[in-house]
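Peer 1: Provided below for reference: sequence and predicted model.
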Amino acid sequence: YSKRQRFRLPPGPKGLPIIGNAFDIPVGHEWVTYAKWSCEYGSDIIYLNIAGQPIYVLNSVQAINDLLEKRSSNYSDRMVMAMCHEIVGWGKNFAFMPYGDFWREHRRMFHQHFHSDVVSKHHIHILKQAKDLLGRILADPDNLTQHLRFMAGASILRVSYGIDIQPENDHYVGIAEAAVHSLALTGNVGSYLVDNFPILKYLPSWAPGAQFKRDGMKWREQVNRMFDEPFELVKRLMAEGKPSDSVTASLLAGLDERKDKPRQELETAVKYATGTSYVGGADTTVSAVATFVLAMLKFPNVQSTAQAELDRVIDSGRLPTFEERDSLPYVTAVMKETLRWHQVTPLAVPRTVTADDEYKGYYIPAGSLVIGNAWAVLHDETRYPNPGSFDPTRFLTSDGQLNKSAPDPVEACFGYGRRLCPGRHFAMDTIWLNIAFILTTLDIAKPSDEMGQPIEPSGEFTSGTLSHPVPFKASYKPRSKAAEVLIREPMFYD
Ligand code: HEM
């Protein structure tokens with residue numbers, strides 16, 4: 001009896017011998033099923049096991065705070081996946097590095113250039129790309145995702161390496177996109193047999209059945225190019241006495257004072273830390289701004305209320321600035337609601353447990369995978385009533401100011417504890433400004449079909465670590481002649 005008590009596990013679907021819950025886990029939108037199970041089993045912590053790998057899904061803000069925040073030192077490790085991290089080389093991305101000193105070095109370097117007090121030095125690049133986006137949308141309204149990718153990729157590459165990318169077929173974007181493609185193919189636990197049986201990684205590439213090794217080596221080259229090429233460019237320019245104004249150049253310059261570690265080791269950390277920013281920052285921002293546009297189609301009253309606020313605060317003929325953020329609480333609430341309504345990363349990035357633990361009388365062995373279900377937290381009716389509705393007023397007081405005591409989606413949408421997204425300030429500034437620029441200048445509406453009927457967006461989202469709105473059509477019209485001029489005229493940051 002005492003042994004059974006000691007190894008008591010949380011409730012969850014029963015599963016089959018050996019393979020466990022392999023067939024219970026839904027193929028898509030797992031976050032919704034996990035939240036449903038949580039209600040059905042009456043437990044905010046759910047247990048699953050896939051072929052012997054224990055998985056704990058946390059479905060409440062309390063469980064997430066208790067484990068991923070308060071016991072962060074035990075819950076900050078990542079699972080090493082043989083295919084993605086080792087063979088293809090995505091282990092260079094510090095978001096996937098095991099918890100420890102090596103990861104800490106990268107995180108510290110990244111933090112120096114993206115924490116809340118310094119992120120404003122990147123505003124000029126965010127402004128330029130947000131303004132550029134307006135013209136692109138207007139010129140080619142059917143390719144929103146492509147324009148958002150340009151906006152996000154261009155600002156992160158400029159900030160990280162000082163690279164101004166070409167409007168079409170840019171070399172560095174091409175390299176990064178090719179590399180990121182392999183992350184989508186290999187990044188999910190269980191996509192490759194070698195993840196469950198790591199011994200297979202020692203198979204030679206030529207061996208029958210080792211196609212994964214051959215693919216892996218090809219993808220590895222792309223990943224290496226993504227980390228190496230822009231970094232080498234910055235180094236070359238520095239050697240020629242023409243250092244770029246960039247995070248990489250600044251971190252490299254700072255290494256001259258470091259005597260605690262060999263130079264080569266520190267340079268590698270700079271390379272990996274800045275290389276991670278494109279992967280962490282490009283697609284995530286794309287998803288968030290696309291979600292905002294989708295919400296404007298489905299909730300036109302929100303769009304008009306936000307535009308009324310902008311018209312009140314911003315004189316006609318100019319764009320909002322970051323300095324005016326405090327005077328635009330409704331626009332800020334739209335950004336918060338965008339991040340809450342649908343999460344870019346509904347299950348964040350899973351953790352592994354370093355040492356055996358116990359929570360609410362349940363046993364959590366070392367090596368378990370722990371998933372914080374951000375979607376469940378941000379759709380918890382007790383904290384966010386009527387969670388399916390896009391309602392920015394949930395973050396406002398009755399007199400229209402930001403309500404400091406309302407729950408904030410940042411509690412879950414950027415992850416948790418020591419591995420909380422370090423790019424969140426940059427991300428929120430980018431999303432806020434793009435929302436403010438779009439609402440100031442453009443009216444977003446459902447386009448009409450041949451019969452003149454409005455085309456409804458499906459309102460669906462893709463599955464995977466990163467979730468995007470399924471592509472939808474929208475029409476965009478300048479809100480006035482002045483807005484049209486504003487979009488076309490160069491600004492001081494162009
Ligand atoms: C809407 C935008 C974004 C969302 C929703 C998002 C979300 C996340 C999440 C959920 C994690 C994992 C946290 C955890 O394990 O608990 C993460 C990690 C990370 N993010 Fe973001 N992110 C966004 C934008 C960015 C941007 C713009 C950057 C870079 C400028 C960035 C850089 C990173 C890095 C470097 C990590 C790894 C942190 C670590 O493992 O220590 N992210 N992000």
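Peer 2: That came through, no problem.
Peer 1: CA atoms for contacts and neighbours, from now on please.
Peer 2: Fine.
Peer 1: the helices in the stretch 101-250 of the chain, which residues?
Peer 2: Ranges of helices in the stretch 101-250 of the chain, per DSSP state H, counting those that start in this stretch, are 101-114, 123-139, 144-161, 171-186, 193-196, 211-239, 247-254.
Peer 1: Please state the backbone phi and psi of the closest residue to the ligand within the stretch 51-200 of the chain?
Peer 2: Relative to the ligand, the nearest point of the stretch 51-200 of the chain is A95 (3.3 Å; CA to the nearest ligand atom). Dihedral pair for A95: phi -60, psi -20, per degrees, to the nearest 10.
Peer 1: tell me which parts of the stretch 151-300 of the chain are close to the ligand?
Peer 2: Neighbours of the ligand within the stretch 151-300 of the chain, by CA under 6 Å from any ligand atom: T276, S277, G280, G281, T284, T285, A288.
Peer 1: let's see it at 5 Å
Peer 2: Counting by CA under 5 Å from any ligand atom, the stretch 151-300 of the chain comes close to the ligand at S277, G280, G281, T284, T285.
Peer 1: Can you tell me the element the last one falls in?
Peer 2: In this structure, T285 is located in helix 263-298 according to DSSP states H and E.
Peer 1: Please identify the buried residues of that helix?
Peer 2: With burial defined by 16 or more other CA atoms under 10 Å, the residues of helix 263-298 counted as buried are 266-267, 269-298.
Peer 1: Can you name the helix or strand that V485 falls in?
Peer 2: Using DSSP H and E, V485 falls in helix 481-488.
Peer 1: So for that helix, what gets flagged as buried?
Peer 2: For helix 481-488, by 16+ other CA under 10 Å, it's A483, E484, L486, I487.
Peer 1: same check, this time on stretch 58-67
Peer 2: L58, N59, S60, V61, A63, I64, N65, L67.
Peer 1: neighbouring contacts of the helix or strand hosting V32?
Peer 2: Assigned by DSSP H and E, V32 belongs to helix 30-41. With contact meaning CA atoms under 8 Å, 6 or more residues apart in numbering, helix 30-41 is reached by 11-12, 26, 44-46, 57, 59, 346-347, 373, 375-376.
Peer 1: Now render those as CSV, adding secondary structure.
Peer 2: Converted to CSV, the contacts of helix 30-41 look like this (DSSP: H, G, I helix; E, B strand; the rest coil):
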residue, secondary structure
P11, coil
G12, coil
P26, coil
D44, coil
I45, strand
I46, strand
V57, strand
N59, coil
P346, coil
L347, coil
N373, coil
W375, helix
A376, helix
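Peer 1: Make sure I have this right: P54 is in a helix.
Peer 2: No - counting by three-state DSSP, P54 is not part of a helix but strand.
Peer 1: Can you tell me the closest non-neighbouring residue to it?
Peer 2: In space, and not counting its chain neighbours, P54 is closest to S368: 5.0 Å by CA to CA, 6 or more residues apart in numbering.
Peer 1: ok, the one you found to G15 distance?
Peer 2: 17 Å (CA to CA, to the nearest Å).
Peer 1: picking that back up, what mean pLDDT does the helix holding V485 get?
Peer 2: The predicted model gives helix 481-488 an average pLDDT of 94.
Peer 1: Pull the residues that contact that helix.
Peer 2: K131, D132, L134, G135, S316, G317, R318, L319, T440, T441, L442, P478.
Peer 1: deepest of the helices of the stretch 101-250 of the chain, which one?
Peer 2: helix 144-161 (a mean of 23; mean count of other CA atoms under 10 Å).
Peer 1: follow-up on the earlier one: quick check: buried residues in the helix holding V32?
Peer 2: For helix 30-41, by 16+ other CA under 10 Å, it's E30, W31, V32, Y34, A35, W37, S38.
Peer 1: Max pairwise distance over the residues you listed: which two?
Peer 2: By the measure CA to CA, the buried residues of helix 30-41 have their two most distant members at E30 and S38, which lie 12.2 Å apart.
Peer 1: coming back round to it: list the single closest residue to the residue of the stretch 51-200 of the chain closest to the ligand in space, sequence neighbours excluded.
Peer 2: In space, A95 is closest to T276, 7.4 Å off (CA to CA, 6+ apart).
Peer 1: In contact with the one you found, which residues?
Peer 2: Contacts of T276 (CA under 8 Å, 6+ apart): K92, N93, F94, A95.
Peer 1: One more pass at 10 Å, please.
Peer 2: Residues counted as contacts of T276 (CA atoms under 10 Å, 6 or more residues apart in numbering) are W90, K92, N93, F94, A95, F96, H106, F110, S160, M226, F227, V270.
Peer 1: Check D195 too.
Peer 2: With contact taken as CA under 10 Å, 6+ apart, D195 is in contact with V80, M81, A82, M83, C84, H85, E86, T186, N188, V189, K201.
Peer 1: for M491, same thing?
Peer 2: Counted by CA under 10 Å, 6+ apart, M491 has contacts L127, K128, K131, D132, R318, L319.
Peer 1: What separation do you get for S120 and E105?
Peer 2: Distance check for S120 against E105: by CA to CA, it reads 23 Å.
Peer 1: and Y47, that one's in a strand?
Peer 2: Yes - per three-state DSSP, Y47 lies within a strand segment.
Peer 1: follow-up on the earlier one: tell me the mean pLDDT over the helix holding T285?
Peer 2: pLDDT averaged over helix 263-298 gives 96.
Peer 1: Going by contacts, tell me the helices and strands next to the next helix or strand after that helix.
Peer 2: Note on helix 263-298: by DSSP H and E, the next helix or strand toward the C-terminus is helix 300-313. Applying 3 or more CA pairs under 10 Å, 6 or more residues apart in numbering; DSSP states H and E, one finds that helix 300-313 contacts helix 263-298, helix 329-341, helix 424-441, strand 442-445.
Peer 1: Helix 300-313: which residues count as buried?
Peer 2: Counting neighbours by 16+ other CA under 10 Å, one finds that the buried residues in helix 300-313 are V302, Q303, A306, Q307, E309, L310.
Peer 1: any chance of those in JSON lines, plus distance to the ligand and pLDDT?
Peer 2: Converted to JSON lines, the buried residues of helix 300-313 look like this (distance: CA to the nearest ligand atom, whole Å; pLDDT from 0 to 100):
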{"residue": "V302", "distance to the ligand": "20", "pLDDT": "98"}
{"residue": "Q303", "distance to the ligand": "20", "pLDDT": "98"}
{"residue": "A306", "distance to the ligand": "20", "pLDDT": "98"}
{"residue": "Q307", "distance to the ligand": "23", "pLDDT": "98"}
{"residue": "E309", "distance to the ligand": "24", "pLDDT": "98"}
{"residue": "L310", "distance to the ligand": "23", "pLDDT": "98"}
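Peer 1: between those residues, which is nearest M428?
Peer 2: Nearest to M428 among the buried residues of helix 300-313: A306, at 17.4 Å, using CA to CA.
Peer 1: list the contacts for the closest one?
Peer 2: A306 makes contact with 312, 328-334, 392, 435-436, 439-440, according to CA under 10 Å, 6+ apart.
Peer 1: Quick check: which of the residues you listed are also close to the ligand?
Peer 2: Applying CA under 5 Å from any ligand atom to those, none is adjacent to the ligand.
Peer 1: Buried among those residues? Need that as a selection in ChimeraX.
Peer 2: Buried members of those, defined by 16+ other CA under 10 Å, are picked up in ChimeraX with:
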select :328,329,330,331,332,333,334,392,435,436,439,440
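Peer 1: In contact with the residue nearest the centre of the chain, which residues?
Peer 2: With distances taken as CA atoms, centre = their mean, T284 lies nearest the centre of the chain, 3.7 Å away. Listed by CA under 10 Å, 6+ apart, the contact set of T284 reads R149, A152, Y278, Q343, V344, T345, A427, L466, S467, H468.
Peer 1: Brilliant, that's me finished.
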